[in-house]
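Peer 1: Sequence and predicted model, in that order:
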Amino acid sequence: MTVHEDNVLLDLVRGSLDHCVKCTICETHCPYSNVTSLFPGPKYVGPQAERFRTGEPVSPDASVDYCSSCGICTRVCPQGVHIAEINTRAKARLAESEGIPLRNQLLGRPDVLGALGTPVAPLANWSLRSKPVRALAQKLLDVHKDAALPHFSGRTFRRWAKRHVSPPGATKEVVLFHGCGTNYYEPELGEKVVEILEHNGFRVTIPKQGCCGLPLQSNGIFPAARSYVRRLAKRLAPHARRGVPIVGPPTSCTLMLKREAREILGLEDNPDVRVVSEHTYDITEFLLDLHDRGELRTDFKPVEETVAYHAPCQQQGHNIGKPALDLFALIPGLRTVEMQASCCGIAGTYGLKVEKRQISLDVGADLFSQVRAADPSLVACDAETCRWHIEQETGVTNVHPMDILHRAYGL
Amino acid sequence: MNVDVVVAGAGTAGLVAAVRAAQGGAKVLVLAKGAGATHLSPVTLDVLGYAPERVESPLAALPGFIAEHPDHPYAKTGADAIAEAVSWFRDTLGEDYRYVGDLERNLMLPSAAGAVRPSALVPATMAGGDLHDGAPICVVGLRPMKDFHAALLADNLARQGHDARAVMLDLDVERVDVNALGIARMFDRPEARSLVAAQLAVRLKPGERVCFPAVLGLRDAMGVWRDLEHSLARPVFEVPTLPPSVPGLRVDALLVAALRRAGGRIIVGSEVVGAEPAGDGVTVRAGAAAREVVHRAEWLVLATGGFAEGAITLGSDWRARETLLDLPLAHMPEAGEPRFVPEYFDDQPMARVGVAVDSGLRPIGPDGARVHERVLVAGASIGGAVPWKEHSGEGISVTTGHHAAGRLLGAATSAKAAV
């Protein structure tokens, strides 16, 4: 960790630490400490243990590794303590002192995995679904054999985007940040988002981009995470400086650009990160803003479906409520059931790890039973790893909210 | 977002205002810096417990109390508003979490330390602890729960002449560190609580009622409580514990569910940072990731709390400030007067400091003139009360939250009538 960024973090963390009044509200809301004794809770490993992490010797407490970085503790804290930030930073220091397993190095780099798997997609997909291969992977890499892994599309969104011809007559411009999941696993989602934006009169610019570094960050690999997000911000910054909004469907990655790069990785002073942060919008947020200004087309056709909507933790971290619900309310015929669970349990790569698989299922159990009770034809959810996990554990097809909007527009 | 009402704060006052306004047809958005203080409260409806002697009947005591305290929040709303608010609260929670009692007579409940706590309405799960009833009490301690001391409670009750004793039960909680919430979740499981009942039944004496810490279920407290009364064949009651407050979590969840059913929205983690008058309404700025979000509303209900919540602060210059809108504060001790007195439990001059409001709960300046036409104030932000001494905290929150919603709904109705 460089000295400067460490100091930025220290200011943020230390500045909020003393506001903790030990009210226990974060512990009440932590989905992880409520199902496992391996994680003693956000207050315990956060504001309390942090006092023992300065100076030498530092606290040897490794339980912080069982924090999923879902961020719920920071959101519910009535005193403004940056609990999740304290804990994610502690995870990074733990990784620094104890070394990073190969598994976490791999899981932290979806861009590398995507680029390797895409050309050999049939083989890669067969391997990911082959029981003996997964059993071997569990043995060698500690990736749980039953955890939901994505399906390589075999083609990339960027390839489609290169050949895509925009309709003429667009008057406004928007930059699309698509993320790794859209590029390698769900290119059709990116295509739908482009069509929705074009339908609303936007010219969609898709600059060269890359991974935002969030999986590295949540695995505690901060130096690599910083270089990923710096590189991404550098590519997006010229557009932000022109005042063009940057929108994206991967809600975890847009949150990384908006806030986590600044507040968790300590890149507050990086001018690229700052300007990109200020101009980045979650796609649902962007479209609802358009609607509030009377600029969203509402020529929606009826969609006769029952949709269970789950707002993932990272979407809630935007602090913008649930714009997807307001967008769904514009669609005739659509029945939406709002799920009241906090976390699905996957938390990016957390639930893939063999030692955390059962915790992940226990955290998600509440959501899964709500989904089953709602008996929906579809689950809508803004984050890709959550969709894969919820789909596998409930058997209900999971889509991004934009999938439903795209159907309603009849594009 | 364009709404009719933004409520700043998701504690009891804020949620009551939001639910009532939404039920009355207003489009409501609750914005809160974090989870509300209801999480930490037992949510017994303490309306008036001491004035300054212990109050037997709030209804009888209120007129005199209001006359003696013309700047108290109750004096602003009037006694009728208290009765209306309390009935509304009881009806809104309904059979999901039944409240018993009334303003005619305070129940006298044991606290976790064995003191006597007067309260007007309490959850049915707590009412069996009323000390007007002389039946002997068996206080049940749960060994893994560090924050509840059965012997302390029982000994202190006995010292005051009540017939009370303590028993300790072992619980297999499968972890070293467990708080009230963890145990409450365990009680939600029928097989877990029948094990407790079986262990306890053989140790009870005839005629004893049973006192548990308030951990009798989170999701279905009424069901858990009835089940235990049935299997133990005697009255069972809960005593509120240290945070996390399980009864507070139950009420918070029910109020938020009522808000959603009425079409209201809540964003926890988005703190209101400013508000400016705009035409016939108000523009509200709130924090979000990377930038502020602007909401347009007809009304802003300020229910952000007092000193304890950080909504009112005292600077090193000894100037007190309401942090959101810098509203004028009342009851600030004059320059040269003492702000604090040495005895902690004495009347602290600073304790009454809070936002000055008129009878419509609009903020006013020292000259009595309104300073913000489209802002209403509810809950602990309002000055003039010492809730912990009066035992009036929930009464003030529920009454002012309910009253604020009534004012804005009434204004909307008369505006429509005028058109």
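Peer 2: The structure has been received and is ready for your questions.

Peer 1: In chain A, where is pLDDT below threshold?
Peer 2: By pLDDT under 70, the low-scoring segments of chain A are A:1-3, A:8-10, A:14, A:55-60.

Peer 1: Show me it divided up by domain.
Peer 2: Using automatic domain parsing, the domain ranges for chain A come out as A:3-98, A:298-409.

Peer 1: Out of these, which gets nearest to B:Leu121?
Peer 2: Closest to B:Leu121 of those, according to Cβ to Cβ: domain A:3-98, at 24.4 Å. In this view, the C-beta of every residue, glycine as well, is placed from N, C-alpha and C.

Peer 1: Distance-wise, check the spatially most central residue of chain A relative to chain B.
Peer 2: Per Cα atoms, centre = their mean, the C-alpha nearest to the average position across chain A is that of A:Ser252, at 2.2 Å. Separation of A:Ser252 from chain B (Cβ to the nearest Cβ, to the nearest Å) stands at 12 Å.

Peer 1: Report the contact partners of that residue.
Peer 2: The neighbours of A:Ser252, taking Cβ atoms under 8 Å, 6 or more residues apart in numbering or on different chains as the test, are A:Leu214, A:Pro312, A:Gln314, A:Gln315, A:Gly348, A:Ala383, A:Thr385.

Peer 1: and the strand or helix carrying the fourth one, does that touch chain B?
Peer 2: By that I understand A:Gln315. In this structure, A:Gln315 sits in helix A:313-316 according to DSSP states H and E. Yes: Helix A:313-316 is in contact with chain B by Cβ under 8 Å from any Cβ of the partner chain, via A:Gln316.

Peer 1: neighbours of the closest residue to A:Phe300 other than its chain neighbours, just the number please.
Peer 2: The shortest distance from A:Phe300 to any residue that is not its chain neighbour, by Cβ to Cβ, 6 or more residues apart in numbering or on different chains, is 4.0 Å, and that residue is A:Ala408. Look at A:Ala408: counted by other Cβ atoms under 10 Å in any protein chain shown, it has 23 neighbours.

Peer 1: A:Ala408: what secondary structure?
Peer 2: Secondary structure of A:Ala408, reduced to three states by DSSP: H, G, I helix; E, B strand; the rest coil: helix.

Peer 1: Number of residues surrounding the spatially closest residue to A:Arg372 that is not a sequence neighbour?
Peer 2: Setting aside the residues directly before and after it, A:Arg372 is nearest to A:Thr394 in space (Cβ to Cβ, 6+ apart), at 6.4 Å. Residue crowding around A:Thr394 was assessed by other Cβ under 10 Å; the count is 20.

Peer 1: List the contacts of A:Thr394.
Peer 2: Contacts here follow Cβ under 8 Å, 6+ apart; on that basis A:Thr394 touches A:Phe368, A:Val371, A:Arg372, A:Val379.

Peer 1: For it, give its distance to chain B.
Peer 2: Distance from A:Thr394 to chain B, counting by Cβ to the nearest Cβ: 21 Å.

Peer 1: give the contact list for A:Cys253.
Peer 2: A:Cys253 neighbours (Cβ under 8 Å, 6+ apart): A:Phe177, A:Gly179, A:Cys180, A:Cys212, A:Leu214.

Peer 1: Any part of stretch A:341-350 near chain B?
Peer 2: No: taking Cβ under 8 Å from any Cβ as the criterion, stretch A:341-350 and chain B are apart, separated by no less than 10.9 Å.

Peer 1: which other residues reach that stretch?
Peer 2: Outside stretch A:341-350, the residues within contact range by Cβ under 8 Å, 6+ apart are A:29, A:31-32, A:68-70, A:72, A:104, A:107-108, A:148, A:214-215, A:218-219, A:252, A:310, A:312-313, A:351-352, A:356, A:359-364, A:366-367, A:370, A:381, A:385-386, A:388-390.

Peer 1: Buried members of those residues into ChimeraX, please.
Peer 2: Buried members of those, identified by 16 or more other Cβ atoms under 10 Å in any protein chain shown, are gathered into one ChimeraX selection as follows:
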select /A:29,31,32,68,69,70,72,104,107,108,148,214,215,218,219,252,310,312,313,351,352,356,359,360,361,363,364,366,367,370,381,385,386,388,389,390
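
Peer 1: This completes my enquiry, with thanks.
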